[in-house]
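Trainee: predicted model, plus sequence, below.
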Amino acid sequence: MENQIIQNLQAVRKKNPLVHNITNFVVMNNTANALLAIGASPVMIHAHKEIETIVEISNSLVINIGTADDYWAESMLIAAKKANQINKPWILDPVGAGISTFRNDLLKELLTYQPTVIRGNASEIMALDSFSHIQGKGVDSSHQSNQALQAAQNLNQKFDSIICISGASDFVVDNHQIVEIKNGHEMMTKVTGLGCSATAIIGAFIGLNENAFLETISGMSIFSLAGELAQQKSNGPGSLQMNLYDILYNLSEEEIRSHLRISVYEN
Ligand SMILES: Nc1ncnc2c1ncn2[C@@H]1O[C@H](COP(=O)(O)OP(=O)(O)OP(=O)(O)O)[C@@H](O)[C@H]1O
Ligand SMILES: Cc1ncsc1CCO
Ligand SMILES: [Mg+2]
């Protein structure tokens, strides 16, 4: 597994995938910088009249509903529909799933366009599966990632999407395997939008368009590992954000081999 993750990181740095993001106002800058640091090219565009063209020329699409309103929701639907039509890999970040009818209705419609990957925290993945009253604390999780495993399996079966649950352990679930990544640091929850950045980084890896399951594992594990290594150099959330870019940019094969904690289970 480590070998494939290292190969995928090298491939992202070499291929420099163009990643189209329709994301939230809070994280637009952080996620664009994270994508540049990993070696991808971000483009953050949401005007209805140009979306289809951008989806066509990009290697992958990231949709994050964090601060969606009616105009942006339509942008997301146009993009997801196009990506689905032309088999462009795309990832959905269901920020705040369960909070409101507006958010749930948008998510239900987006899911009809079969995201390649869905990445959320535990509360979001559970809400997405049931659309019941399961709620996090706004956009933060009030559940542990392992509590969302059944919901992830249900979602995988319903939509044929790869499901990634972030948290103290990150899990990547498809119909054959569950992969657990035990990297990261609690301090990562004190910087806004590091989940959104994880989604964007996975978005860069699925732009390789070879094996979306391995690419999702690669993106998530590299991001959590980078967060963990960045925390070791930091005094708090501010320096963690700054060090994270440097670590994403410089992360070496040796660091991956010596620090990654990853387990594979049959599903
Ligand atoms: N308790 C923890 N211990 C270690 N790493 C963690 C912990 N909680 C989150 N992380 C890491 O933080 C990153 C973001 O995951 P998180 O689950 O906080 O996303 P999120 O809730 O969607 O965040 P946001 O909505 O702010 O973008 C992931 O890399 C994850 O592994
Ligand atoms: C804080 C916040 N509010 C809406 S989106 C967002 C970024 C983290 O998901
Ligand atoms: Mg989130």
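Mentor: Happy to help now that I have it. Ligands and ions are numbered 1, 2, ... in the order given.
Trainee: now do whichever helix or strand Ser258 is part of: which elements does it pack against?
Mentor: For Ser258, the host element (DSSP states H and E) is helix 253-259. Packing partners of helix 253-259 (3 or more CB pairs under 8 Å, 6 or more residues apart in numbering; DSSP states H and E): helix 2-15, helix 212-232. To be clear about C-beta, it is placed using only N, CA and C from the backbone, and glycine gets the same treatment.
Trainee: mind listing what the next helix or strand after the first one pairs with, with the direction of each?
Mentor: When you say that, I think you mean helix 2-15. Later in the chain than helix 2-15, the nearest helix or strand by DSSP H and E is strand 18-22. Partners of strand 18-22 in the sheet, by DSSP bridges, are strand 41-44 (parallel), strand 60-64 (parallel).
Trainee: how far off centre is strand 18-22?
Mentor: The chain centroid and the centroid of strand 18-22 are separated by 12 Å under CA atoms, centre = their mean, to the nearest Å.
Trainee: for that strand, the averaged confidence score.
Mentor: Mean pLDDT, strand 18-22: 98.
Trainee: what element comes up after that strand heading to the C-terminus?
Mentor: Per DSSP H and E, the helix or strand that comes after strand 18-22 is helix 28-38.
Trainee: and that following helix, how far from the chain's centre?
Mentor: 13 Å.
Trainee: circling back: most packed of the helices and strands packed on helix 253-259?
Mentor: helix 212-232 (a mean of 25; mean count of other CB atoms under 10 Å).
Trainee: so is that helix next to ligand 1?
Mentor: Yes. Using CB under 6 Å from any ligand atom, helix 212-232 comes into contact with ligand 1 via Phe223, Ser224, Gly227.
Trainee: give me phi/psi at Val172?
Mentor: Backbone torsions for Val172, taken as degrees, to the nearest 10, come to phi -120, psi 120.
Trainee: which one is it nearest to, not counting chain neighbours?
Mentor: Val179 (4.5 Å; CB to CB, 6 or more residues apart in numbering).
Trainee: could you report the pLDDT at the one you found?
Mentor: 98.
Trainee: can you name the residue of the stretch 51-200 of the chain nearest to ligand 1?
Mentor: At 2.1 Å from ligand 1, Gly195 is the closest residue in the stretch 51-200 of the chain, using CB to the nearest ligand atom.
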